[in-house]
Structure formats: structure tokens, C-alpha cells
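[1] pasting the sequence and the predicted coordinates here, then a few questions.
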Amino acid sequence: MKPENCEEQPGRLMPVVDLNKCEAQGPCIMECPHDVFDLKAISREEYDKLGFTGKLKTLVHGREKAHVVKPNQCHACGLCVTGCPEKAIKLTRVA
Ligand code: SF4
């Protein structure tokens, strides 16, 4: 999808990052036209919930992960989904 197709009303869909898959490479941050993501250190609680491979990836990539910091700004263009090389992002309907 192209940015000009990013016309969905914000607040209907939001991205969810699979922290087991995220390698903190940051294309979602660069692709998102609405600054929905930021790279931040994973919390101890988040780390404890990861599987073995997720923990290994986390340690290799300096404990940083993409986090959704402005979920209400998502316009559902899908650029983050298609841009993530780890296929770690899905869009989900806001409850
Ligand atoms: S779909 Fe992804 S890239 Fe598009 S606005 Fe939402 S968070 Fe940003």
C-alpha cells in the first residue's frame, strides 16, 4: 500500500508487535507516516513472557523492541506490516 492510501479513520485499527519476532531493525518507525512506533528497551515483564528464541533475539539486539506508543494515530495503511522483515506486526481492531 502507498501512504496516500492511508486514509482510514484513526482509532479503528492499531498495530500489535510480536515481541518474539521483533529484531528492532526499525523499518516500522521509518515507514509509519503517523509516528505510531518508537524503539524502546523491553521491560523485565515483557522479557519474561518471551520464548527461548525471542529471548535470544532480544539479547542479540540490545534488548530494544518496536513499541506502539501512539495507537490512536494508526490510519491502517499497512506500511508497517509490509515493511517489517520479521513479519512481526499485525493490525488488529480496536475494542
Ligand atoms: S498501519 Fe502501520 S504504518 Fe500505517 S499508520 Fe498504522 S501503524 Fe503507521
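    Done, it's in.
[2] beta partners for the spatially most central residue of the chain?
    By CA atoms, centre = their mean, the mean C-alpha position of the chain lies nearest to Val17, the distance being 4.0 Å. Beta bridges link Val17 to Ile89 when assigned by DSSP bridges.
[3] can you pull the pLDDT of it?
    For Val17, the pLDDT comes out at 98.
[4] and the gap between it and Pro33?
    Distance, Val17 to Pro33, by CB to CB, to the nearest Å: 18 Å. Backbone N, C-alpha and C define where each C-beta goes, glycine included.
[5] likewise for Glu8?
    From Glu8 across to Pro33, the span is 12 Å (CB to CB).
[6] need the residues of this protein near the ligand, please.
    With CB under 6 Å from any ligand atom as the criterion, the chain meets the ligand at residues 6, 15, 31-32, 34, 36, 74-80, 91.
[7] name the nearest of those relative to Gly51.
    When the residues of the chain next to the ligand are ranked by distance to Gly51 (CB to CB), Pro15 comes first, at 20.7 Å.
[8] assign a three-state SS to that closest one, would you?
    Using DSSP: H, G, I helix; E, B strand; the rest coil, the three-state assignment for Pro15 comes out as strand.
[9] please name the nearest non-neighbouring residue to it.
    Of all residues not flanking Pro15 in the chain, Ile89 sits nearest, at 5.1 Å (CB to CB, 6 or more residues apart in numbering).
[10] touching, the one you found and Val16? I think so.
    Yes - applying CB atoms under 8 Å, one finds Ile89 in contact with Val16, separated by 7.1 Å.
[11] show me which of the two is the more surrounded one.
    Shown here are Ile89 and Val16; by other CB atoms under 10 Å, Ile89 has more neighbours (24 against 13).
[12] much appreciated, bye for now.
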